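1. make a model of this:
(2 chains)
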Amino acid sequence: MHIPSDDAPFQGGTPRNGSPTVGSNTAESTAAESPTGESPMGESTMGGFSTAGATDGGGPGASGGPGENPGAGEGAGAGEGLGAGEGLGAGEGLGAGGADLGRLVATVERLRREVVEARRAADERALVELAKGILVERLGCGPAQAAEQLASLAARAGVSRLELATDIINQSAHDGISATTTQQPQSPGPEASRPHLGTGVVPGEVARPHATETALDAIPPVSPQATGSTLDAVSGVSPQAAETTLAAVSPVRLRAAESAALDASDTQTVARSVLEHAVAPLGATAVAVWAAGPGGSLSLAGYAGFPDEEARRWRHVPPGAVTAAGRTLTERRTIWHAGTGLPSIGRQIAGGGRVTAPMTVAGRVLGVLEICWPQALPSAIARPPRIERQIDALAELCAHTLDAPFEPFEPTRTTRQTGPFESAGATRQPRATESTGRTRPTGPTAPTTPAAPTAPTGPTASAASAGSARSAESAGAEIVDLADTLADPALVLRAHLDARGELVDFRIEHANSLLSDGNRPYPLEAGRLLLEAYPAAAGGLFARIEDVLATGRPFRAERMPLGLSATGVADVGITRHADNVLLVWRDHDEDARLAGLLEHAQRLGRIGGFEENAVTGKITWNAQLYALYGLSPGDPPIPLERLRDHAHRDDEIAVGRFLRTVLHHRRVAATAFRLRRPDGVARHMRVVAEPVFGPDGQLMAIRGAYQDISSQHWTEVALSVTRDQLAHTEQQSAERNRLALQLQHAIMPPSHGTMDSFGLHIAVRYRPAQKEHLVGGDWYDAVALPSDQVLLSVGDVAGHGVEAATGMVILRNALRGLATTGAGPAELMTWLNLVAHHLADRMTATAICGLYDPPTRVLRWARAGHLPPILLREAEGSELPMIKGPLLGAFTDAHYEEGRFQLQARDTLLLYTDGLIERRDHNLRHAQDRLLDIATRGGASLDHRLDDLLIHCNSDTDDDTCLIGVHLR
Amino acid sequence: MPALTLAHQRLSGVMVISVSGELDATNRAQLETYLRGIRPGHGARLVFDLSQVPFMDSSGLHVLLMCTTDCLKNGGTVHLAGVQPLPARLFEITGVLAHVPVHDTLEEAITTATERSI
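-> Below is the predicted model of the structure:
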């Protein structure tokens, strides 16, 4: 049965891009030859595989394959040497030439066919031997009988011995490759039973082994017709049913690939084998096998389908470089890459789809298998799951070629000593060329030792377990030593695999002494399985360990919930050491941490705690309380009820009330007091205490805390003093300013006070400074004296504020008092000068003092440094003469001249202070002239005149202004 | 508050105090403090250079006069020099001119102060 290649583009049968293929004629002819070439090989190699099995106790495949049968590797080497692709190319290119060329082509073709045959034979031989080994074990017979049995079974079933061998191995192995055949979606129905073999294994969908040079092409397709009764149900597998874009590889192919891989002398050969046997039929054109190195680096351990130059470029991928394979290494999963994905080997060349699969052995990701297609891959939906399983199985297969445990199986062979990790394909000669039997076409391999019963497990599992068992001895001792030197609990774990080599648990290899003290919640004893001893590990810890084992990346976490920890929270570290995993953790003692936190808080807050056991009488103080009391921690603590003895006398009442509340009324209470310490230091303390009651309501304890509030107290005191002072100053300042104003107002009401008597109309104006603090010492006065004269005065005490106002009051009242003596103005001014000089503190003032005699209308006046009055007469304004007289308070020897002026009816006299005219930008003369101008304007009344003056005299200093107008009727 | 620029200089037997700026209620305290800091001492002969004082109010005059009073009490003298028109008018009105010698130029004031002391 042929599946048309057009329906399965990914099949190897579709030649593309010059991939090595042969014509269908060749394939058919090889197929025809295959049954005959098979049998002698099978007979003769019967004992060969059994030898290794007996020696190592490992699986037959693992031992017999690589050990004694270099066939696949050599075959590959030979194939390479002849260059299948080249040969084909030559054939095609020269085919149109002459007869010589034709002969040459034929020769090349024959040689190529021989190589293919040799390789196929070697691969097949291994499979057949495996199957015979299984039969030996199952049937308890010898190798010869097993071979006989195999042959007769095959004959009865109507299949080739190779087919049957594959079935037997699949049935026996239960590994990933078996899964790809048994779990396929298109299960062909009822399983056919085969003699002596229990449940028969139904071959999967029969892939079309169309026209590749792989060894299995020689095998005729196992069609339902061919397999007869055993496979009649496979009739469901039709071209229609197989209309998937990716056709699966037949189990025979996978087994052959496995056999070749295990047999291969180095990874380079493995890569080639994988490509040729397994994935080329899927349409893949290149394979790379990456070995994982330290820190997540990748080394190209083997490749096929890539140019050597490209392989050299990609020999090493450093850690952190993001590549397709690197991503799989990091994520530990198979990734199907789209056409335009991450950089990787051959990206420019292949450019199509590729898949990277982790190569995992015993839980460790040893490397990555990368398979490339020339064209984009179908989406995940269109991809049959079986393909994915096959890829994974191939990856696992490749992993075994990298896995170190394979080394010890052949310690005597020097070519093996280099180790798989060093055999980077690009830089190393294929081992096949080193071997002797370079071209061993169909020759049987001589058995050296008789067969022995083999383990029931599959080849991969047995190899892995055997390997890890051995490495445990070397690496185990050191890691156990390390674990024992750690100051934290530590476990040494080892992967525990099931029969199929799958990681199912971790064996506790060692638990250090910190875990064997018996106080642990879990029985972490050496020899136990982790999940059995500590089932909760499945909740995440297991995955962490698994990841560390797989990738080698250490894991570290702080404050991670961990049931193993005595406190439930721990700092956890997981590292891989060879095959062992070291799990170490440090218990995170939350209580201790909180206690430390509390202690610091108490120290910073100067808080000391105490508890007095009411039952036992025991008093417990913490260290901070001793420090607060100025006691040493060894001293006897002071009972609460004795607190009064240590408190300041003035605080005894407060302390007594506090004690009574706590001890007698048994309620929580607090108080502040001054503590008299033994060292004489007084501290301001706050104490708070509460009773603690038992279940029956009886007093169990008194507990509480002291806080040293001294610094706080004094800070508060200092603050409050400052605050008071500030407030006082502010208040005082405001009050003083208000006082000055009040004085002014009290003495000189700002209202339009007028006086009409003695034939005089007197009006006054006082305009205080706009800014309150500049309120000064201006005054005016108009009062009738006992002598029936009228005293007129204006004055201006230098300065501002309350001092000036006070001085104003002094001078004004002094002048009033002095004036009652009947003395003349000059004499009054002399006295007033003395008053200013002696009675007031460093005061200077200017003033005008006038005595008006109503009957005579004579004004006698004196001037003390003040501006002379202005006379308005007949719309003319004039200043009275600047008679002699210095300002008050400056000179003790001051002499004042008396002026005398005859006034007339309707005269107006203006007395004023300099606030009215003072300007900085004009000279005073000019300002006075301006004043005269305004004053002489025809004002309707005296009040209007004064208002006009206040409004229009443009003084620019914010000074007090006094204005007094006297109009004679 | 316009600040005063104040400086003083000791010449032979005379201390020259230079005041620069409008001298009024807002900065009288500055001058007071400055003069206290100088502490003229017994018998000091002071010359106030007022050529840079375009304006002076009664507060400023008060400070000058108090300083003068103190100086005279201690047997010293005070001379004013370079008095500008507005302060001069103030001195005239207040009768200061009759009690404190005022000179047109600083040289004259210094010369006079020196002569008087001899």
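2. distance between the ends of stretch A:278-289?
-> End-to-end distance for stretch A:278-289: 14 Å, by Cα to Cα, to the nearest Å.
3. what residues are bridge-paired with the closest residue in space to A:Ala557 that isn't next to it in sequence?
-> Distances taken as Cβ to Cβ, 6 or more residues apart in numbering or on different chains put A:Val572 closest to A:Ala557, at 5.1 Å, once the chain neighbours are dropped. C-beta coordinates here come from the backbone N, C-alpha and C atoms, glycine included. Beta-bridge partners for A:Val572, by DSSP bridges, are A:Ala557, A:Trp585.
4. count of neighbours near A:Val572?
-> Neighbour count for A:Val572, taken as other Cβ atoms under 10 Å in any protein chain shown: 23.
5. enumerate every residue touching it.
-> Taking Cβ atoms under 8 Å, 6 or more residues apart in numbering or on different chains, we find A:Val572 in contact with A:Leu541, A:Arg544, A:Phe555, A:Arg556, A:Ala557, A:Met560, A:Leu562, A:Leu583, A:Val584, A:Trp585.
6. name the helix or strand of chain B that has the lowest mean pLDDT.
-> Within chain B, no helix or strand scores below helix B:106-117, which has a mean of 82 by mean pLDDT, DSSP states H and E.
7. low pLDDT regions in chain B?
-> B:1, B:116-118 (pLDDT under 70).
8. ok so, going back, for the residue nearest to A:Ala557, give its distance to B:Pro54.
-> Between A:Val572 and B:Pro54 the distance is 86 Å, computed by Cβ to Cβ, to the nearest Å.
9. all strands for chain B, in order.
-> For chain B, the strands defined by DSSP state E occupy B:5-10, B:15-20, B:45-52, B:77-81, B:102-103.
10. write out the residues of chain B neighbouring chain A.
-> Selection of chain B residues close to chain A by Cβ under 8 Å from any Cβ of the partner chain yields B:22, B:24-25, B:28, B:54-55, B:57-59, B:61-62, B:65-66, B:68-69, B:85-86, B:89-90, B:92-96, B:98-99.
11. which of these are buried?
-> Taking 16 or more other Cβ atoms under 10 Å in any protein chain shown as the criterion, what is buried in these is B:22, B:24-25, B:28, B:54-55, B:57-59, B:61-62, B:65-66, B:68-69, B:86, B:89-90, B:92-96, B:99.
12. assign the residue of the stretch 651-800 of chain A found nearest chain B to helix, strand or coil.
-> Nearest residue of the stretch 651-800 of chain A to chain B (Cβ to the nearest Cβ) works out as A:Ala798 at 3.7 Å. Secondary structure assignment for A:Ala798 (DSSP: H, G, I helix; E, B strand; the rest coil): strand.
13. leaving out chain neighbours, which residue sits closest to it?
-> Counting by Cβ to Cβ, 6+ apart, B:His62 is the residue found nearest to A:Ala798 once chain neighbours are left out, at 3.7 Å.
14. got it, and A:Pro854?
-> Using Cβ to Cβ, 6+ apart and skipping the chain neighbours, the partner closest in space to A:Pro854 is A:Phe758 (3.9 Å).
15. again with A:Leu493
-> Nearest residue to A:Leu493 in three dimensions, chain neighbours excluded: A:Phe506, at 4.0 Å (Cβ to Cβ, 6+ apart).
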